[in-house]
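Q: My questions are about this predicted structure, shown below with the sequence.
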Amino acid sequence: MTSFFQSLGMSYEAAWFTATIAGILLIALPLMLAVALIIYAERKLWAAFALRRGPNVVGPFGVLQSFADGLKVFLQETIIPSASNRGLFLIAPIITFTVALMAWAVIPFADGVVLSNINVGLLYILAISSLGVYGVVIAGWASNSKYPFYSAMRAAAQMISYEVSIGFILICIVLWAGTFNVGGIVEGQRSHIFGFINAYAFNPLLFPIAIMFLISSMAETARAPFDLTEAESELVAGYQTEYSSMAFALFWLGEYANVLLMCALNAILFWGGYLPPVDWAPLYAVPGIIWFFAKILLMFFVFAWVKATVPRYRYDQLMRLGWKVFLPISLFWVFLVSGYLMFTGHFA
Amino acid sequence: MTDLSQYLPILLFLVVALALSSAFVFLPMGVSRLTGTYKPTEAKLAEYECGFPAFEDSRSQFDVRFYLVAILFIIFDLEAAFLFPWAVSLGETGWIGWGTMMLFLFELVIGFIYAWKVGALEWE
């Protein structure tokens, strides 16, 4: 894109700066649009699962429902409880949303189409997504109210518990791909199975951790069946209880941007990212970004499906699954994958 | 040699994302004052507790197990941090690197079994 702006007669620095800002806005604004549409799609999906009709009043088939909701929240009054820590109370949604946007900087949308192609992309994603817990904890603490406080404690413990096993799962992938670069991991999946299937998930050694990563990513984003942080029958609305207006909506936007990010990560790490499912020349005629979005939407459908059908876990079950099941298995899998790669001479 | 110029877009992204989200938080506060929806009352600004005044300060005691989980997380996340550079350089360190890391993991597994046995992972 830099060369395009250079052809308009700008100097290299100005062209680079304009291209980068344009790239950032091309990620951030469509992402917010995608979040609005995905919330609508999810409500329609749940409705279909429960034999209801879902939103169908605002706009054709209710497509504009999310935008109407957004406008309504935007015009509402921002209530800052008198007992709260005002500064922290307002900073919390800002942190949540900023962090949810920033992780997208290293996601490759197609071959070479990435905002910043750093060689430790996966590590960056891990670091940024673990910052997300600050937004939640600060929100719960600054509200100075009972339910947000309990919710923040739960959320912090839940997010860090599953982050450990996500870390080990990522190590297995990194061992196989030999790089932290997100684009490099996608390229590592080219013709991975039988010389023509572009996905790590069909590797018998990596399939179990693909499943574990899918479940962990639901727990990490506090999605049902692990949505104990906002279990409405126990905790009202969780850490968002005291929030109103756009500050409340930012938590929603951030949450769904994180869910989309986790869907994208599932697609990138295990299902070949922007590559077509099989390495067959005519399939490359379809742009990589279409394949990538199709995979994200498929993963999102799985997320919505699980949310619509699986009952909520108890908190002790959640912690047991994280610490007593996923942690030992993922630790053993690091041993297994690294041992297999050493014995077969993968690195030779 | 790493190309540090690739990190500049991330910094710019941080600035843009911060500006966007701050605008989202502070703009409606101004708008609600202009449109007249901003009408705070004492009851509205009280903290929520099922409709009656709060019984006690919410900065109360909480379960020590949350604290235990945080400590265990530090140990295992540090362990993962050691594993990351090992994972990309396994080709160069070979069997010696693999054996050393497996020894390290073995010692951590002993610690994990200990934490399990003393009941640090119990939530029932």
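A: Cool, got the structure.

Q: Give me the helix or strand of chain B that scores worst on average pLDDT.
A: helix B:42-45 (a mean of 72; mean pLDDT, DSSP states H and E).

Q: What is the burial count for the residue nearest to residue A:230 when sequence neighbours are not counted?
A: Excluding the flanking residues, the one nearest residue A:230 by C-beta to C-beta, 6 or more residues apart in numbering or on different chains is residue A:238, at 3.3 Å. In short, each C-beta sits where N, CA and C put it, glycine included. Look at residue A:238: counted by other C-beta atoms under 10 Å in any protein chain shown, it has 25 neighbours.

Q: do residue A:25 as well
A: 12.

Q: give me the element it is part of.
A: Element membership of residue A:25, judged by DSSP states H and E, is helix A:12-49.

Q: May I see the buried residues of that helix?
A: Buried positions in helix A:12-49, judged by neighbour count with 16 or more other C-beta atoms under 10 Å in any protein chain shown: A:15-20, A:23-24, A:27-28, A:31-32, A:34-36, A:38-47.

Q: before we move on, what about stretch A:290-302?
A: Those buried within stretch A:290-302 under the rule 16+ other C-beta under 10 Å are A:291-293, A:295-297, A:299-300.

Q: Need those residues in JSON lines (columns: pLDDT and distance to residue B:68).
A: Formatted as JSON lines, these follow (pLDDT from 0 to 100; distance: C-beta to C-beta, whole Å):
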{"residue": "A:291", "pLDDT": "86", "distance to residue B:68": "44"}
{"residue": "A:292", "pLDDT": "87", "distance to residue B:68": "40"}
{"residue": "A:293", "pLDDT": "89", "distance to residue B:68": "42"}
{"residue": "A:295", "pLDDT": "89", "distance to residue B:68": "38"}
{"residue": "A:296", "pLDDT": "90", "distance to residue B:68": "37"}
{"residue": "A:297", "pLDDT": "90", "distance to residue B:68": "40"}
{"residue": "A:299", "pLDDT": "90", "distance to residue B:68": "33"}
{"residue": "A:300", "pLDDT": "91", "distance to residue B:68": "35"}
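
Q: Return the subset of these lying in helices.
A: Among these, the members found in helices (DSSP state H) are A:291-293, A:295-297, A:299-300.

Q: Now do the contacts for the residue lying closest to residue B:80 once chain neighbours are set aside.
A: Nearest non-adjacent residue to residue B:80, counting by C-beta to C-beta, 6+ apart: residue A:167, 3.6 Å away. Listed by C-beta atoms under 8 Å, 6 or more residues apart in numbering or on different chains, the contact set of residue A:167 reads A:126, B:76-77, B:80, B:83.

Q: What of residue A:200?
A: So residue A:200 contacts A:173, A:176, A:188-189, A:192, A:206, A:210, A:269-272 (C-beta under 8 Å, 6+ apart).

Q: Next, it: secondary structure please.
A: Under DSSP: H, G, I helix; E, B strand; the rest coil, the three-state class of residue A:200 is coil.

Q: which other helices and strands contact the helix holding residue A:25?
A: Counting contacts by 3 or more C-beta pairs under 8 Å, 6 or more residues apart in numbering or on different chains; DSSP states H and E, helix A:12-49 packs against helix A:2-7, helix A:65-74, helix A:86-102, helix A:245-270, helix A:288-309, helix B:8-35.

Q: mean confidence score for it?
A: The predicted model assigns helix A:12-49 a mean pLDDT of 85.

Q: swap in stretch A:163-170?
A: 89.

Q: Tabulate the CA atom coordinates of that stretch in PDB.
A: Written as PDB, here are the backbone C-alpha positions of stretch A:163-170 (Å, rounded to 0.1, in the frame of the first residue of the first chain):
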ATOM      1  CA  GLU A 163      -3.900 -19.300  29.700                       C
ATOM      2  CA  VAL A 164      -1.500 -21.800  31.100                       C
ATOM      3  CA  SER A 165      -2.800 -24.700  28.900                       C
ATOM      4  CA  ILE A 166      -3.200 -22.300  25.900                       C
ATOM      5  CA  GLY A 167       0.500 -21.500  26.400                       C
ATOM      6  CA  PHE A 168       1.500 -25.200  26.300                       C
ATOM      7  CA  ILE A 169      -0.800 -25.800  23.300                       C
ATOM      8  CA  LEU A 170       0.900 -23.000  21.400                       C
END
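
Q: Against residue A:225, how distant is residue A:141?
A: Residue A:141 sits 26 Å away from residue A:225, going by C-beta to C-beta, to the nearest Å.

Q: Pick out whichever of these two has more residues nearby.
A: Each of residue A:141 and residue A:225 has its neighbours counted (other C-beta under 10 Å); residue A:141 has more, 20 against 17.
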